[in-house]
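# attaching a predicted model along with its sequence, questions to come.
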Amino acid sequence: MTDTHKLNSSPRKVAAIQINSLTDIEHNLQQIETLLADAQQQGVRLALIPEMFATLDGKQYPAIAADDALYQRIAGWGKRFNLWLIAGAYPLPCPPDADGKRDPRVRSACLVFDDQGELQARYDKIHLFDVDVDDAQGSYRESDHFAPGDQPVVVDTPVGKVGLAICYDLRFPQLFMQLRAQGAEIISLPAAFTYTTGAAHWQPLLRARAIEQQCYVIAANQCGWHDDPGQPQRRQTWGHSQIIDPWGEVLSEASDQPGLVIATLEPQQQADIRQRMPVFQHQRLPPGVR
Ligand SMILES: O=C(O)CNC(=O)[C@H](CS)NC(=O)CCC(=O)C(=O)O
């Protein structure tokens, strides 16, 4: 380790990586590897990459879910770049149900690897984006490809306890209350948030979750136009990956281009906020019911 590395390094430096995933998987992986090398140079301890970073082309999901070499390459990034990696979301097979049967769809799985490349946690996206948006694509039916998960997950990491959520989950505050109840200090949100809904809702929702749960929020989004086969100008995502502190202040924010956002977490500041304004202890109502 060089002296410059030591100077740059903080035990609580985190990064959100923003990319533009195309149907060319190798292109996507190389974008990420370049940015992870940059993050390593800057002493980042934990990095988050977006939802469906390997490709946003639904037809490729079953093959990816079965591709062990690809999985091993991603798992290897933690060790190669000497950081904890939250691999946004990635298609993986559904676990078998009680009768041993499997849903033939995949799950949208967020994978947490440590700096030795060991899998430390897996969270499967609970809320699926079956929504009509006023954009060029118009209709999103995530449940055509994906089956939902059902378990909120918090994982202990060297930068703090991280509650895992994915993209559309952002609109369901009950999940974040649950993550805080399970000890979350940081919320991780990989996304492929659409341009239209992102322009309207992305930052206000991220800030709301940070303020309500008094958590850091690390949000890594896709950006730009995605080249759905035959329809290159159909799907566009919002970018604006960001890191927000537990008071709701945006510490660092990306534009609409691929890149890296970095911030240093300050647990003492978070502890002060939670002590001075103990909203968690002041709750008087149970979580909403349907
Ligand atoms: O389906 C895939 O191919 C990969 N998954 C996604 O891109 C998912 C489902 S379409 N995107 C979102 O959840 C966007 C949510 C969003 O934009 C909002 O809540 O406004």
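Received it, and whenever you're ready, just let me know what you need. Numbers count the residues shown, from 1 in each chain.
# contacts, neighbours, all on C-alpha from now
Fine.
# residues touching the most centrally placed residue in the chain, list them.
The centroid of the chain falls nearest to Pro190 when counting by C-alpha atoms, centre = their mean (2.0 Å). For Pro190, the contact set (C-alpha atoms under 8 Å, 6 or more residues apart in numbering) comprises 48-51, 88-89, 165-167, 219-221.
# again, only using 6 Å
50-51, 88, 166-167, 219-221 (C-alpha atoms under 6 Å, 6 or more residues apart in numbering).
# check which helix or strand it maps to.
Taking DSSP states H and E as the definition, one finds Pro190 inside strand 186-191.
# buried ones in the helix or strand following that strand?
Tracing the chain past strand 186-191, the next element assigned as helix or strand by DSSP H and E is helix 195-197. Using 16 or more other C-alpha atoms under 10 Å as the test for burial, helix 195-197 gives 195-196.
# could you do stretch 273-285 as well?
Across stretch 273-285, burial judged by 16+ other C-alpha under 10 Å covers 273-274.
# now what about that stretch, what contacts it?
Against stretch 273-285 from outside (C-alpha under 6 Å, 6+ apart): no residues.
# pick out the residue in the stretch 51-200 of the chain sitting closest to the ligand.
Distance from the ligand to each residue of the stretch 51-200 of the chain (C-alpha to the nearest ligand atom) is smallest for Phe193, at 3.4 Å.
# per-residue pLDDT, that residue?
On the pLDDT scale, Phe193 is placed at 98.
# related to what we said a few turns ago, list the strands paired with the strand holding Pro190, with their directions.
Here strand 186-191 has these sheet partners by DSSP bridges: strand 160-164 (parallel), strand 216-221 (parallel).
# CA atoms of it as CSV?
Extracted C-alpha coordinates of strand 186-191, given in CSV (Å, rounded to 0.1, in the frame of the first residue of the first chain):
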residue,chain,number,x,y,z
ILE,A,186,-27.2,2.8,5.6
ILE,A,187,-29.7,2.1,2.8
SER,A,188,-28.5,0.8,-0.5
LEU,A,189,-30.6,1.4,-3.5
PRO,A,190,-29.5,0.1,-6.9
ALA,A,191,-31.8,1.2,-9.7
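# ok, now which ones touch the residue of the stretch 51-200 of the chain closest to the ligand?
Counted by C-alpha under 6 Å, 6+ apart, Phe193 has contacts Thr237.
# where's it relative to Leu46, distance?
Using C-alpha to C-alpha, to the nearest Å, Phe193 is found at 22 Å from Leu46.
# what about stretch 110-124, how long is it end to end?
6 Å.
# what lies in contact with that stretch?
Under C-alpha under 6 Å, 6+ apart, the answer for stretch 110-124 is 75-76, 78-79, 82-89, 108-109, 149, 153.
# ignoring the adjacent residues along the chain, who's closest to Ile211?
Gly248 (5.1 Å; C-alpha to C-alpha, 6 or more residues apart in numbering).
# pLDDT score for Gln231?
Reading off the model, Gln231 has pLDDT 74.
# beta partners for it?
Beta-bridge pairing of Gln231 under DSSP bridges involves Asp228.
# now Cys223
Beta-bridge partners, per DSSP bridges, of Cys223: Trp238.
# in this structure it contacts Thr237, no?
Yes: contact criterion C-alpha atoms under 6 Å: Cys223 and Thr237 qualify, at 4.7 Å.
# more crowded one of these two?
The neighbour comparison of Cys223 against Thr237 (other C-alpha atoms under 10 Å) goes to Cys223, with 28 against 22.
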